[in-house]
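Undergrad: Build me a model from this:
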Amino acid sequence: EDHVSMGWAAGRKLRRALDGVARVLAVELLTAARALDLRAPLDPAAGTGTVRDLIREHVAGPGPDRHLAPEIDAVLGLVRSGAITRAAADAVGELR
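TA: Numbering: from 1, shown residues only. I've put the predicted structure just below:
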């Protein structure tokens, strides 16, 4: 029998896919936070506002044109650490 292990290659592809998904989520969260800032004085829902506030602790709001890679990386760190999920869950849990 000839056994070819493709598990290693599949694991590497999965890691690349998860890294890409995390980066896309970071960009989407950063964009959503900016959109919420631009809608002021309207207030977002509790979970949404909590996540926006967490992002604003690490990334400045709308302003002059600038290089966004450091901001995306900061939000990416929040996504990877689970801080975004915990903040939203805590805010929604407070409402129950």
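Undergrad: Distance from the chain centre to stretch 85-96, please.
TA: Relative to its chain's centre, stretch 85-96 lies at 16 Å (CA atoms, centre = their mean, to the nearest Å).
Undergrad: what's that stretch in contact with?
TA: 46-51, 54 (CB atoms under 8 Å, 6 or more residues apart in numbering). In this view, the C-beta of every residue, glycine as well, is placed from N, C-alpha and C.
Undergrad: Please indicate which of those residues are buried?
TA: Neighbour-count burial (16 or more other CB atoms under 10 Å) applied to the contacts of stretch 85-96 gives 47-48, 50-51, 54.
Undergrad: which non-adjacent residue is nearest L30?
TA: V75 (5.0 Å; CB to CB, 6 or more residues apart in numbering).
Undergrad: buried set for the helix or strand harbouring that neighbour?
TA: V75 is part of helix 69-81, with elements assigned from DSSP states H and E. Using 16+ other CB under 10 Å as the test for burial, helix 69-81 gives 71-72, 75-76, 78-79.
Undergrad: same question, stretch 52-59
TA: 52, 54-55, 59.
Undergrad: ok, back up a step: okay if I get the buried residues of helix 69-81 as CSV plus pLDDT and distance to R15?
TA: Shown next, in CSV, are these (pLDDT from 0 to 100; distance: CB to CB, whole Å):
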residue, pLDDT, distance to R15
E71, 96, 24
I72, 96, 19
V75, 97, 20
L76, 97, 15
L78, 97, 20
V79, 97, 15
